[in-house]
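> Provide a 3D model corresponding to the input given below.
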Amino acid sequence: MEKPNYKKTLRACYLGFITQAICANFAPLLFLTFHKDYRIPLGLIALIPVTFFFTQLVVDIFCAKFVDRIGYRVSIVASEAFSALGLIFLAFLPEIFPAERAFTGIIISVILYAIGSGLIEVLCSPIVEACPFENKEKTMSLLHSFYCWGWLGVTVISTILFTLLGLQNWKIISCLWALIPLYNIYNFVTCPIEKLVDDGKGMKILELLKTPVFYAAVILMMCSGASELSMAQWASAFVESGLGFSKTVCDFAGPCLFAVTMGICRVFYGKFGEKVELSKFMTGSGILCLFC
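Next up is the predicted model:
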């Protein structure tokens, strides 16, 4: 019997996190474009990230209920399909809807790829955790760094394409980004996927809520998420509109640089994690988030 190729599973999960980075960070590069082209007030533009992360949060909450029932493979394939569909719809729905309702088309697209992003968020890590790799901590740290490199890639490549094709052709670029989750559907259909725990043996939600460290983790994620998203969602638009720099400079100096430093940090822990005391590393990271 042929030995399962778990490296293929790992590569699929790498692309899964890159897909999540595309979903989370492509639209923010276009906030001012939406504002100018569709005459959408900035107050409504602010609802785009709110909708994205609220949808992702809802999916994360309910995912614990239905993933074990329908299976990891079906769920992770669905995540890539929703991500691709949302990115494609983003290119077409605002134009299909009447001009005064273009925002509705954007929100529908955001909800679709947010569903995919939410599923990726909760599925890729346990899929890799269930694989028989050595040095799991290093593998997991490197896995999560691919979100950062995906974020860097979507910022740099999109900025280059905006320059070459013209910002008015952002719809073509959105469809091009959809090719990555479409390709990754094949990867997840064909790669080996194991279960992290046997059926019925996972921790129940009520048991999790009785665990004190869970609340500490929630607070840490809220603080780090606030630091990351304030930069990812708004830095480019703020610097362009408030300080008057070009869009290219704004994208590179803000989200791009942030993604690089975050990725370097994750790769560093993946490489030297066994030499670093985790509690001190987390405390130092929390202080940096507070200053940010």
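> downstream neighbour of the helix or strand of the chain with the lowest mean pLDDT in the secondary structure list?
Least confident helix or strand of the chain, by mean pLDDT, DSSP states H and E, is helix 247-251 with a mean of 62. Note on helix 247-251: by DSSP states H and E, the next helix or strand toward the C-terminus is helix 257-272.
> can you list the residues that contact that following helix?
137-142, 144-145, 148-149, 151-152, 155, 228, 231-232, 235, 276, 281, 285 (CB atoms under 8 Å, 6 or more residues apart in numbering). C-beta: built from backbone N, CA, C; applies to glycine.
> Counting neighbours, which bits of the helix or strand just after that helix end up buried?
As assigned by DSSP H and E, the chain's next helix or strand after helix 257-272 is helix 278-291. Neighbour-count burial for helix 278-291 flags Ser285, Cys289 (criterion: 16 or more other CB atoms under 10 Å).
> what packs against helix 278-291?
Using 3 or more CB pairs under 8 Å, 6 or more residues apart in numbering; DSSP states H and E as the contact test, the elements touching helix 278-291 are helix 212-238.
> Helices of this protein, start to end?
6-25, 31-37, 42-45, 47-70, 72-96, 102-129, 136-165, 170-190, 205-209, 212-238, 247-251, 257-272, 278-291 (DSSP state H).
> Only the C-alpha atoms, please, for the shortest one, written as PDB.
Extracted as PDB, the C-alpha positions of helix 42-45 are listed here (Å, rounded to 0.1, in the frame of the first residue of the first chain):
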ATOM      1  CA  LEU A  42     -16.600  56.000   4.100                       C
ATOM      2  CA  GLY A  43     -19.000  55.100   6.900                       C
ATOM      3  CA  LEU A  44     -20.500  52.300   4.800                       C
ATOM      4  CA  ILE A  45     -17.000  51.300   3.600                       C
END
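> Pull the residues that contact it.
Outside helix 42-45, the residues touching it (CB under 8 Å, 6+ apart) are Phe31, Phe34, His35, Phe103.
> Compile those residues into JSON lines and extend it with columns for distance to Leu167.
What follows is the contacts of helix 42-45, written out as JSON lines (distance: CB to CB, whole Å):
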{"residue": "Phe31", "distance to Leu167": "12"}
{"residue": "Phe34", "distance to Leu167": "11"}
{"residue": "His35", "distance to Leu167": "13"}
{"residue": "Phe103", "distance to Leu167": "19"}
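> could I get these as CSV with neighbour count?
What follows is the contacts of helix 42-45, written out as CSV (neighbours: other CB atoms under 10 Å):
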residue, neighbour count
Phe31, 22
Phe34, 21
His35, 16
Phe103, 19
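> Out of those residues, which comes closest to Lys210?
Of all those, Lys210 sits closest to Phe31, with 41.0 Å by CB to CB.
> now Thr139, nearest residue through space, not along the chain?
For Thr139, ignoring the flanking residues on the chain, the nearest one in space by CB to CB, 6 or more residues apart in numbering is Phe133 at 4.9 Å.
> From Ile108, how far off is that neighbour?
Noted for Phe133: a distance of 39 Å to Ile108, by CB to CB, to the nearest Å.
> Please apply the same query to Cys148.
28 Å.
> Please apply the same query to Leu165.
25 Å.
> of these two, who's got more company?
For Leu165 and Ile108, the more surrounded residue by other CB atoms under 10 Å is Ile108, and the numbers stand at 16 against 13.
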